[in-house]
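J.: Have a look at this prediction, sequence included:
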Amino acid sequence: MALISFATITISLAALFVAGRIYWETTTGARRRALRKQHGCLPAKSLFSNPLLLGIPRLMNNLKAFREHRLLADWADSLTTNNVTTVHDWVFGTTCFITSDPENVKTILATNFASWSIGKGRIDAMTSYLGSGVFTTEGAAWKHSRAMLRPCFERSQVADVSLMEKHDGTTVDLQPLLHQLTLDIATEFLFGRSTNALDRSTEDKKCAEFIEAFEYCQNPFRENENTSRWALLTQFLPDLTFKKKVKIIQGTLHTYQPPDFVDNIIQDQIAASASTSGPLSPSPDRYVLLDELLSQTQDRTVIRSELLNILLAGRDTTASLLSNLFFELPRHPAILARLRDEIAEHIGTDAAAVPSYEQLKSLKFLRAVINESQRLYPIVPSNSRMALHDTILPRGGGPDESAPVLVPKGGLVGYHLWSMHRRPDIYGADAAVFDPSRWLDDEHAAAPLRPGWAYLPFNGGPRVCIGQNFALTETMFVVVRLLQRFEIESRDDEPWREKLSLTCVGLGGCKIALRPVA
Ligand code: HEM
């Protein structure tokens, strides 16, 4: 009896499976076959063997490579060794692609923007501590945020370099100080008030607590925890520390908490808006994002979320760029000397010669140094998008990768800037060398370098970094002010190694000796 019912159940399940498969083949399958035929799609290569293993071996390898600080280089090697620019994989039933092909990246970010999402994973993970804002939303909500922020980044606002001068200080232990400096500048620019993290004389416990909590939440790859051997298991366990930190960031939004760091800023600004004078009254000649937000809504959740979203986007990114740049610069005395000459010629060597926005923009060689630093060490070295419906990548299929590829609805495409920025067929045989002169038309060996979509440190298309100009001005300003005052020397013989969180920075920090210029 038991045997019969077991056989009946097995047959029924098999029949159900076959019926389901037939249904799928005649609907979704047929639609995809037609789409493939219409566009001449061919499959992309796969570097990975057995789909029945659900991509788990690859995932474990990635985690190991991440722990050993070689994930980016491993991927680049993998693509180069196999002579491919787009590969296909299958992780836990989700179709995934990795690409370093500029045409594919352009399609995802610009020409076919509407077919792609930033992904549920990013939205859920980041909304949990940032709330809804420009970085975590899509569609109408994102458009609204972006429109609200745009005036904040117009040239006249960014050109106000005086706020940067206020936060310019002597540095010795560079990497952490750069992170504090950019936090101070970002908060002054966006909120009208600085965290003053760099100023040791003004210890603010709430501020320190807030920064610590913010840093904890924004690092999804917390070392020794998520990346341990048990990483896959810990993903399913509640992270109680994370919840505690979110409460610190979200402050009074969670009841019974005293006003926290961000709340205080919002409250003070509301009070200042009501008065016409006093140190916190809205500046008549400078745009402060918080003032703009307050003029549009009194909803503190909205205000707080938008502020946190931008703080995330604008803070560590610039510090990481500066840190990577100052890692390379002292290792290339000829490049450093040329940069000093340019600064002396256009601005002056005296510390009293504070550069203006226009002067900064005239420093062509400094711009080339920054470009080169971002080429070799993109701050966001890989990124991804999710297909909202069945859609097409223009390249990557077939033996020579020239055929289009079908990406099914829900499929993920990772675009690997680290690999793309180092492609010898785009940047030349010396692609691995730090050489800013490749960006100078009259000095470039062959034709002028015009990488287009093959160079993407700030992303591209409608979601291009809104703070790009601000970040570049800030970077130029800090480099000029530092070199005007100090001789710099590398104090680190180790090669650059990746330290990946949301941004990418050197594992060994940026150890340099600073001597005041005689
Ligand atoms: C070197 C410094 C910076 C780099 C390399 C950088 C890079 C990027 C990248 C790659 C994105 C796209 C992320 C994505 O959509 O997946 C982005 C978006 C964004 N960035 Fe930056 N960024 C920098 C500095 C800044 C600064 C200083 C601010 C503001 C103060 C800022 C504000 C934003 C915002 C608001 C977005 C979201 C734009 C949107 O989704 O519409 N960034 N940035």
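T.: Perfect, thanks for sending it.
J.: how close does the residue in the chain that the ligand sits nearest to sit to Gly139?
T.: Proximity of the chain to the ligand (C-beta to the nearest ligand atom) peaks at Gly467, 2.2 Å away. (C-beta placed from N, C-alpha, C; glycine too.) Separation of Gly467 from Gly139 (C-beta to C-beta, to the nearest Å) stands at 22 Å.
J.: and what of Ala403?
T.: Going from Ala403 to Gly139 by C-beta to C-beta gives 32 Å.
J.: Show me which of these two is the more surrounded one.
T.: Ranked by neighbour count (other C-beta atoms under 10 Å), Ala403 and Gly139 place Ala403 first, with 19 against 9.
J.: Hmm, Arg36 and that one touching each other?
T.: No - between Ala403 and Arg36 there is no contact under C-beta atoms under 8 Å: 9.8 Å.
J.: Identify the contacts common to those two.
T.: Shared contacts of Ala403 and Arg36, defined by C-beta atoms under 8 Å, 6 or more residues apart in numbering, are absent.
J.: Point out where this protein drops to low pLDDT.
T.: Residue ranges of the chain with pLDDT under 70: 1-4, 49-52, 155-173, 193, 198-204, 220-238, 251-260, 273-287, 444-446.
J.: Strands of that one, residue ranges please.
T.: Secondary structure of the chain (DSSP state E): strands at 45-46, 86-91, 94-99, 116-117, 382-387, 391-397, 403-407, 412-416, 486-490, 498-500, 504-506, 512-516.
J.: Could you dump those into TSV and include distance to the ligand?
T.: Shown next, in TSV, are the strands of the chain (distance: least, C-beta to the nearest ligand atom, whole Å):
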stretch	distance to the ligand
strand 45-46	25
strand 86-91	19
strand 94-99	15
strand 116-117	11
strand 382-387	5
strand 391-397	18
strand 403-407	18
strand 412-416	10
strand 486-490	20
strand 498-500	14
strand 504-506	10
strand 512-516	19
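J.: could you dump those strands to CSV with distance to Val246?
T.: Below are the strands of the chain laid out as CSV (distance: least, C-beta to C-beta, whole Å):
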stretch, distance to Val246
strand 45-46, 39
strand 86-91, 28
strand 94-99, 27
strand 116-117, 24
strand 382-387, 24
strand 391-397, 35
strand 403-407, 33
strand 412-416, 26
strand 486-490, 39
strand 498-500, 22
strand 504-506, 24
strand 512-516, 36
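J.: Which of those sits closest to Leu329?
T.: Nearest to Leu329 among the strands of the chain is strand 486-490 (6.9 Å), distances taken as C-beta to C-beta.
J.: next one: the closest one to chain centre, how far?
T.: 29 Å (C-alpha atoms, centre = their mean, to the nearest Å).
J.: For that strand, which strands pair with it and how are they oriented?
T.: Applying DSSP bridges, strand 486-490 is found paired with strand 512-516 (antiparallel).
J.: Tell me which residues of the partner strand come out buried.
T.: Neighbour-count burial for strand 512-516 flags 512, 514 (criterion: 16 or more other C-beta atoms under 10 Å).
J.: now stretch 484-502
T.: Buried residues in stretch 484-502 (16+ other C-beta under 10 Å): 484-486, 488, 490, 496, 498-500, 502.
J.: Repeat that for stretch 21-28.
T.: Neighbour counts over stretch 21-28 (16+ other C-beta under 10 Å) mark no residue as buried.
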